[in-house]
Each structure stands twice: as structure tokens, then as C-alpha cells.
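Engineer: Quick one, what's the 3D model for this:
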Amino acid sequence: MLLRFSMVLLVFGILVGCDRPVQSNPPGNIVQGGGFSQSGGLTISSPNFVAVEGLPIVGFSVVKLDDTESSFGYFLIVRPPGNGNPQSRGFGGSSSSNGQSGKSVGQFRLDGNEVQVSLEIDKQTEKLAIDETNYDVSKGRLFLVDMQSDPATIKQIDTELPAPDSTVTSTEQAEEIAQKTIEQLKESSGVVAEFLGK
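Structural biologist: Next comes the predicted model:
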């Protein structure tokens, strides 16, 4: 069974946003994605989470400034707790934009273990925090999240991420971007291949 949560918000104006509360679901394929905020040339997606058979669990946000290409604000690859097949999964998030800056905040919960991620961006700066630890995105936007330890360990990887084709506007796009990115990273990064047990 494939559960999909999709919301698109395209707004020009003062402060806009889209919210999705954490939704817990039993095992199965789950894709949450497609929400974004856009204002004044700045587009930022709500967190996209993909948990489908054949792929690791991933989370990512996509940003676009003015006429530049879309790019990842961050890309998380998650090793779930236990035997790698969590019995419960919960995902939630929101995004907002006021034309000058944007914010994407999300959280995912696997078997009761939660990780939070927050991305704030304007046309000059970016702030990324995962579980209240701040990260310098100039040192990498790829993060390997190991939830088999308590608390989760997070490893920042300085590697080039492929550019997503576009702003994510549907769960289908979120899943496609996740699959394409994982395939490319497995080929280009020995660290990612080792983390995924290739």
C-alpha cells in the first residue's frame, strides 16, 4: 500500500506557508511531499520524506532563488532503528516565505525515535539545524543519519549533490528525485555506498 501526502501552495504576498502535522503510519510505502512556499523570487519546499521499498529512507528540501536552478537545501539518508524495518513511521513539516526569506521545518519519527530538521534561507545566508545542532552548509548538504544509536548520530558529508530537476510539486516528483539522487550518490560516493551496505 502506498500512502501519499501532497500539498501545493503557490502564493505571492507577505507571509505564506504550508503545514503538515506529524502523521504516524504502520509499515508500508509512504511518501510525503509536494508542499512549498513561494514569494518574491524565493521558493522553498516543505520537507519531503520518502520511505518506499527498494530505497533507504530519505528526507530533503529543495530551494530556488530568483532565476537560479533548483538545488537541495539538504539531503538526509536515514538508517532506521532496530532491524531497519521500523514498525511505525511519522512525518511532518511546514514551509513559509515572505519574499525576503524562507523557512522549512520538519520532523520524522521512526519507532518513537525523532529527528528534527530546520532550514532558514535568504538571498545571502542559510541556517541549517538538525536536532538543534547547527551545520555549515558550505561543508556539505548531505547527511547520513544513523538512528540505530541513541541518540541518533549525524554525519555531514562534503560531496556534490545532483541538482533536482525542479521544485517538488507532487509526491510522485519527491519519490522520483529521491530515487535518482540515491542512485547517483551510490555511484559517486564510497561513503554513501558503505552506509547503505552496498
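Engineer: Just the CA atoms of the helix ranked longest in the chain, as CSV, please.
Structural biologist: For the chain, the helix with the greatest residue count under DSSP state H is helix 171-188. Provided in CSV are the C-alpha atoms of helix 171-188 (Å, rounded to 0.1, in the frame of the first residue of the first chain):
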residue,chain,number,x,y,z
THR,A,171,4.6,13.0,-4.1
GLU,A,172,5.5,11.4,-7.5
GLN,A,173,8.2,14.0,-8.0
ALA,A,174,9.5,13.6,-4.5
GLU,A,175,9.9,9.8,-4.9
GLU,A,176,11.5,10.2,-8.4
ILE,A,177,14.0,12.8,-7.1
ALA,A,178,14.9,10.6,-4.1
GLN,A,179,15.4,7.5,-6.3
LYS,A,180,17.5,9.4,-8.8
THR,A,181,19.7,11.1,-6.2
ILE,A,182,20.3,7.8,-4.2
GLU,A,183,21.4,6.0,-7.4
GLN,A,184,23.8,8.8,-8.3
LEU,A,185,25.2,9.0,-4.8
LYS,A,186,25.8,5.3,-4.6
GLU,A,187,27.9,5.5,-7.7
SER,A,188,29.8,8.7,-6.8
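Engineer: Any idea how many residues pack against residue 90?
Structural biologist: Other residues near residue 90 come to 20 when the count uses other CB atoms under 10 Å. C-betas here are computed from N, CA, C, even on glycine.
Engineer: Can you tell me the centre-most residue of this structure?
Structural biologist: residue 60 (1.7 Å; CA atoms, centre = their mean).
Engineer: pLDDT on the next helix or strand after the longest helix of the chain, on average?
Structural biologist: The helix or strand immediately downstream of helix 171-188 is helix 190-195, counting by DSSP states H and E. Average pLDDT, helix 190-195: 94.
Engineer: go on, stretch 42-61?
Structural biologist: Computed over stretch 42-61, the average pLDDT equals 93.
Engineer: Name the residues of that stretch that are buried.
Structural biologist: 42-52, 55-61 (16 or more other CB atoms under 10 Å).
Engineer: now do stretch 183-195
Structural biologist: 185-186, 189, 192, 195.
Engineer: Give me the distance between that stretch and the centre of its chain.
Structural biologist: How far stretch 183-195 lies from its chain's middle: 18 Å, per CA atoms, centre = their mean, to the nearest Å.
Engineer: just stretch 43-53 next, same as before
Structural biologist: 5 Å.
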